[in-house]
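Asker: sequence and predicted structure below; questions after.
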Amino acid sequence: MVNEGPFQHQASDSAYLFTKAALEKGHEIYRVFFYYDGVNNANKLSEPQADDRDLVKLWSALAQEHKVDLVVCVAAALRRGIKDEILAPGFRISGLGQLIESGIVADRQITFGD
Amino acid sequence: MEEEWDEDGPEVVKRFMYVNRKAPYGTVYALEMLEKVLIAAAFEQDVHVVFMDDGVYQLKKGQETKGVNMKNFSPTFRALEGYDVEKLYAEKESLEARGLTVDDLVVPVEVLTSEELKALMSKQEVILTA
Amino acid sequence: MLLHTVNKSPFERNTLESCLRVCEDGAGILLIEDGVYGALDNTAVADLIKKRMGNIKFYVLGPDIDARGLANQTMIEGIESVDFGGFVDLVEKHSATQSWL
């Protein structure tokens, strides 16, 4: 679970690097669930400065390469104006139930936040 | 809800713990944590909700939020029982440090010492914090 | 046994203290992000960890240490540095993870 957006807190970067390392070790990532301001990770309208990393694109690339399920919480997203129209590739909007379900199905769950 | 279960979905019952450590209103964490607990109830898991550190302030009686333009969500804690979320715990050390007793709280909770909480937490299979 | 992660500086928040209060002997604690300041020796808060050293296994995320210019600082003896791959291994090795935020 990722609880913070890419431009206020290190949580998204830590989550991304953790996810990447887990995939490189051959683990399966069942789902990455974005909650609270974490939903801002899915905003394709975001334009970081040229010398900054672009986490939105990095997540999308990870989703494409490894088929990682990137789920944005619908309630948290709507509050923050994140809608299907501005969703970066690889992300989908769904309910909080997806978080609970991943906790039930996956062997491990970890939270990155503030 | 839009959940679609496959066969190996809802049969599993895991021990879930929700650890509330943040005060209400100053940040959104307490409110969205409560939303999580309510959704979780629908999955019929073994849910434990813990209040410690400033999280115990979420349960303070007498919250009156009109003056700050926010929704008072403290009555919802009393509704949790109706969702079969009955295992509510508050850490004794956190209550005492804030001069609170169970009489100050909107809902009955089991008070655990940090030693007891330690044992309960280590048995959990999924722990969610905010 | 649980893995605990702590991402707050012990100089600013009580997160590490709370974690230690409910952390069982035998568990692991990984300091990440601003939590890595807690791994430094010769600070006003170093005793928090030193008191539990030997009962709890402490780890620190190396990339966060390097990012903060702490690579040449003295760490509390017994703390093991891991990279993100090591972080993944720790999550796998422990029964569940509690993230102290």
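Answerer: Right, received. Where do you want to start? Residues are numbered from 1 along each chain as shown, chains lettered A, B, ... in the order given.
Asker: my guess is B:Asn20 meets B:Met33, correct?
Answerer: Yes - between B:Asn20 and B:Met33 there is a contact at 5.6 Å, judged by C-beta atoms under 8 Å. In this view, the C-beta of every residue, glycine as well, is placed from N, C-alpha and C.
Asker: what is in contact with the two at once?
Answerer: B:Ala130 (C-beta atoms under 8 Å, 6 or more residues apart in numbering or on different chains).
Asker: of these two, who's got more company?
Answerer: The residue with more neighbours, out of B:Asn20 and B:Met33, is B:Asn20; 27 against 24, by other C-beta atoms under 10 Å in any protein chain shown.
Asker: once you drop chain neighbours, what's closest to the more buried one?
Answerer: Leaving out its chain neighbours, the residue that sits closest to B:Asn20 by C-beta to C-beta, 6 or more residues apart in numbering or on different chains is B:Gly55, at 3.5 Å.
Asker: try A:Asp69
Answerer: Spatial nearest neighbour of A:Asp69, excluding adjacent residues (C-beta to C-beta, 6+ apart): A:Arg31 at 4.4 Å.
Asker: can you count the residues close to the nearest residue in space to B:Lys123 that is not next to it in sequence?
Answerer: Nearest residue to B:Lys123 in three dimensions, chain neighbours excluded: B:Arg15, at 6.2 Å (C-beta to C-beta, 6+ apart). For B:Arg15, the tally of surrounding residues (other C-beta under 10 Å) stands at 17.
Asker: contacts only, for B:Arg15.
Answerer: Contacts were defined as C-beta under 8 Å, 6+ apart; by that measure B:Arg15 touches B:45-46, B:48, B:123-126.
Asker: sort out for me which of these are in helices.
Answerer: Counting by DSSP state H, none of the members of the contacts of B:Arg15 fall within helices.
Asker: quick check: the two most widely separated of the residues you listed?
Answerer: Across the contacts of B:Arg15, the longest distance by C-beta to C-beta is 13.8 Å; it joins B:Gln45 and B:Lys123.
Asker: list the contacts of the spatially most central residue of chain C.
Answerer: For chain C, C:Leu31 is the residue whose C-alpha lies nearest the centre (C-alpha atoms, centre = their mean; 2.9 Å). Residues in contact with C:Leu31, defined by C-beta under 8 Å, 6+ apart, are C:5-7, C:16, C:38-39, C:58-61, C:64, C:79.
Asker: A:Tyr35 too?
Answerer: When the contact criterion is C-beta under 8 Å, 6+ apart, the partners of A:Tyr35 are A:1-3, A:73, A:76, A:96, A:99, B:32, B:36.
Asker: quick one, phi/psi of it?
Answerer: Comment: the main-chain dihedrals of A:Tyr35 come out as phi -130, psi 170, following degrees, to the nearest 10.
Asker: please name the nearest non-neighbouring residue to it.
Answerer: For A:Tyr35, the spatially nearest residue (C-beta to C-beta, 6+ apart) is A:Cys73, at 4.8 Å.
Asker: what about C:Asn72, how many neighbours?
Answerer: One way to gauge burial is a neighbour count; for C:Asn72, by other C-beta under 10 Å, it gives 6.
Asker: can you check the one 3 residues further on too?
Answerer: For C:Met75, the number of neighbouring residues by other C-beta under 10 Å comes to 19.
Asker: what pairs with it across the strands?
Answerer: Per DSSP bridges, the residues bridged to C:Met75 are C:Leu40.
Asker: list the contacts for it?
Answerer: C:39-41, C:60, C:65, C:81.
Asker: identify the farthest-apart pair in the residues you listed.
Answerer: Looking at these by C-beta to C-beta, the two members farthest from one another are C:Asp41 and C:Ser81, with 13.6 Å of separation.
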